[in-house]
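S.K.: kindly generate the corresponding structure for this input.
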Amino acid sequence: MRGIIEMDLGSHELGQVDPVTRAALERALAGRAIDAAQARELIALPRDRLPLLLAVAGHVRTIRKGRTVTYSPKVFLPITNLCRDRCGYCTFRKTPDEPGAWTMLPEEVRRACRGARAAGCIEALMCLGDKPERAFRSYRQTLAVLGHATTIEYVERCCAIALEEGLLPHTNAGLMTREEMTRLKRVNASLGLMLETVSPRLRQTGGPHHRAPDKEPALRLQMIREAGELQIPFTTGILLGIGETLNERVESLAAIAELHETYGHIQEIIIQNFRAKPATPMAAEDEPEREDVARAVAVARLLLPDMNIQAPPNLSPYDLRLLLAAGINDWGGLSPVTCDFVNPEAPWPHVAMLAATCHEEGFTLVPRLPLYAEYLARPGFLDPAMRASIASVNLPRGVSHAQFPT
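M.R.: Predicted structure coming up:
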């Protein structure tokens, strides 16, 4: 797949495809977002047409985003791995009586943040299971000892600790209410929730989300919508390979696009590939092929040409060049101090290696905040206290406070 970014995009190449595909690609090259019907056509293109699709997507990325690719230097803080959901592919989730179950204590959060800042991190990723207090009495007792009634109250406290230590929190705590998001907006640079899929079919008996009430698509779309109403910079995305169809992938991306068009709050979309894990119900399921991931990235780029599109490099370590060609402009969070607790078998790439790969493909790798810079200039999208925290934070090398309006 190397060299496809440089493919000739003239009439000769486009003339070899069917009229529907040609119309979609010409629309993208003319600077317009493709529509959902065109996206359904493109995501189903055969393998021999993939280079042309990626060439167009890469061209659009370069026009809209330039040749810079970003990442967020972070510490991954698994506040608790207790969760009331039982997704068919998850190894992060534990019950209180299982080996490896934990809830981080305040002093552990502080110690981790202090070490992360010394290592050059800027983001404190708060990651945890969905509403464990609703499932486990012993965890409710733990919260009471810590002085809190709900997990979100405790996460708010952990975010405050991270801010005190000079880091900017980004929280992914599963489904939250409007009131909970309002609380966390005061102490977070941004919030996140993976949509994963809009397919309610995957919640049926035997499906990956059958025993995961918080994976109901309507509820997740409602939270993303309310985040927009609250003017919260928001990260979301789709999960490939858990049983969804190609059309359902497009429907999920189109749903995100519609919400962003209404509220303008989606700061990045993650295209994440399913990884089969031992000792899970989906251990024997096929993982999506590299071409499937590339198609999804390319279609996301053409549906939302101005969006920040991310793909986790640790989940596709041998396909970094392909993902660049497909149109990403961000690698997400990378940590020099913690593993990916959701995918501990998949180590983060070394930043120097990732930078070298980007350079070889004609890109420059630079660090960023957990809040994309464009939201710093938009009224209402940043709590005044958070703006002050950003102004005082120890920014990573290569990032200047002068880049951000006060």
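S.K.: is it fair to say Q267 lies in a strand?
M.R.: Yes - with DSSP: H, G, I helix; E, B strand; the rest coil as the criterion, Q267 is located in a strand.
S.K.: what about it, distance to Q231?
M.R.: Between Q267 and Q231 the distance is 12 Å, computed by Cβ to Cβ, to the nearest Å. Using the backbone N, CA and C atoms, a C-beta is placed for each residue, glycine as well.
S.K.: quick one: which of those two has more around it?
M.R.: The neighbour count for Q267 versus Q231, taken as other Cβ atoms under 10 Å, is higher for Q267 (25 against 18).
S.K.: separation between the more buried one and G237?
M.R.: Looking at Q267 against G237, where the rule is Cβ to Cβ, the gap reads 11 Å.
S.K.: same thing with H59?
M.R.: Between H59 and G237 the distance is 23 Å, computed by Cβ to Cβ.
S.K.: can you give me the buried ones in the strand or helix carrying G58?
M.R.: Here G58 sits within helix 50-65, counting by DSSP states H and E. Residues of helix 50-65 classed as buried by neighbour count (16 or more other Cβ atoms under 10 Å): 50-61, 64-65.
S.K.: go on, stretch 36-47?
M.R.: Judged by neighbour count (16+ other Cβ under 10 Å), stretch 36-47 contains these buried residues: 36, 38-43, 45.
S.K.: from the residues you listed, which single one is nearest M181?
M.R.: Of all the buried residues of stretch 36-47, M181 sits closest to A36, with 27.9 Å by Cβ to Cβ.
S.K.: pull up the distance across stretch 220-240, start to finish.
M.R.: Start and end residues of stretch 220-240 are separated by 17 Å (Cα to Cα, to the nearest Å).
S.K.: next SSE after the helix holding G58?
M.R.: Downstream of helix 50-65, the next assigned helix or strand under DSSP H and E is strand 68-80.
S.K.: report the distance from that following strand to the chain centre.
M.R.: Taking Cα atoms, centre = their mean, to the nearest Å, one finds the center of strand 68-80 at 10 Å from the center of the full chain.
S.K.: please point out which parts of the helix or strand just after it sit buried.
M.R.: Read in the C-terminal direction, the helix or strand following strand 68-80 is helix 106-118, with elements assigned using DSSP H and E. By neighbour count on 16+ other Cβ under 10 Å, the buried set for helix 106-118 is 109-110, 112-114, 116-117.
S.K.: swap in stretch 337-357?
M.R.: When burial is assessed from 16+ other Cβ under 10 Å, stretch 337-357 yields the following buried residues: 337-338, 340-343, 346, 348-349, 351, 354-355, 357.
S.K.: how about those residues in a markdown table, adding secondary structure, distance to Y154 and pLDDT?
M.R.: Output for those, formatted as a markdown table (DSSP: H, G, I helix; E, B strand; the rest coil; distance: Cβ to Cβ, whole Å; pLDDT from 0 to 100):
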| residue | secondary structure | distance to Y154 | pLDDT |
| --- | --- | --- | --- |
| V337 | coil | 22 | 97 |
| T338 | coil | 19 | 97 |
| D340 | coil | 22 | 97 |
| F341 | coil | 18 | 97 |
| V342 | coil | 20 | 97 |
| N343 | coil | 24 | 97 |
| A346 | coil | 28 | 97 |
| W348 | coil | 27 | 97 |
| P349 | coil | 32 | 97 |
| V351 | helix | 31 | 97 |
| L354 | helix | 34 | 98 |
| A355 | helix | 37 | 98 |
| T357 | helix | 39 | 98 |
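S.K.: from those residues, which is closest to G327?
M.R.: Distance to G327 across those (Cβ to Cβ) is lowest for T357, with 16.1 Å.
S.K.: against L365, how distant is that closest one?
M.R.: With Cβ to Cβ as the criterion, T357 and L365 are 8 Å apart.
S.K.: for M307, give its distance to L324.
M.R.: As for M307, its distance to L324 is 16 Å (criterion: Cβ to Cβ).
S.K.: ok, which stretches of this protein are strands?
M.R.: Here the chain has its strands, by DSSP state E, at 68-80, 123-128, 168-172, 190-192, 234-240, 266-273, 309-310, 330-334, 364-367.
S.K.: between those, which one is closest to T142.
M.R.: Proximity to T142, assessed across the strands of the chain by Cβ to Cβ, is greatest for strand 68-80 (8.6 Å).
S.K.: only the buried residues of the closest one, if you could.
M.R.: Going by neighbour count (16+ other Cβ under 10 Å), the buried part of strand 68-80 is 69-80.
S.K.: what angle do that strand and strand 330-334 make?
M.R.: Here strand 68-80 runs at an angle of 40 degrees relative to strand 330-334 (axes from the mean of the first three to the mean of the last three Cα atoms, to 10 degrees).
S.K.: elements contacting the longest helix seen in the chain?
M.R.: Of all the segments assigned as helix in the chain under DSSP state H, the longest by residue count is helix 246-263. With contacts defined as 3 or more Cβ pairs under 8 Å, 6 or more residues apart in numbering; DSSP states H and E, the packing partners of helix 246-263 are helix 36-42, helix 217-229, strand 234-240, strand 266-273, helix 290-303.
S.K.: in CSV, list those along with mean pLDDT.
M.R.: Conversion of those to CSV gives the following (pLDDT from 0 to 100):
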stretch, mean pLDDT
helix 36-42, 98
helix 217-229, 98
strand 234-240, 98
strand 266-273, 98
helix 290-303, 98
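S.K.: make CSV from those and add distance to S138 to it.
M.R.: Putting those into CSV (distance: least, Cβ to Cβ, whole Å) gives the following:
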stretch, distance to S138
helix 36-42, 46
helix 217-229, 26
strand 234-240, 30
strand 266-273, 31
helix 290-303, 40
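S.K.: sweet, I'm off.
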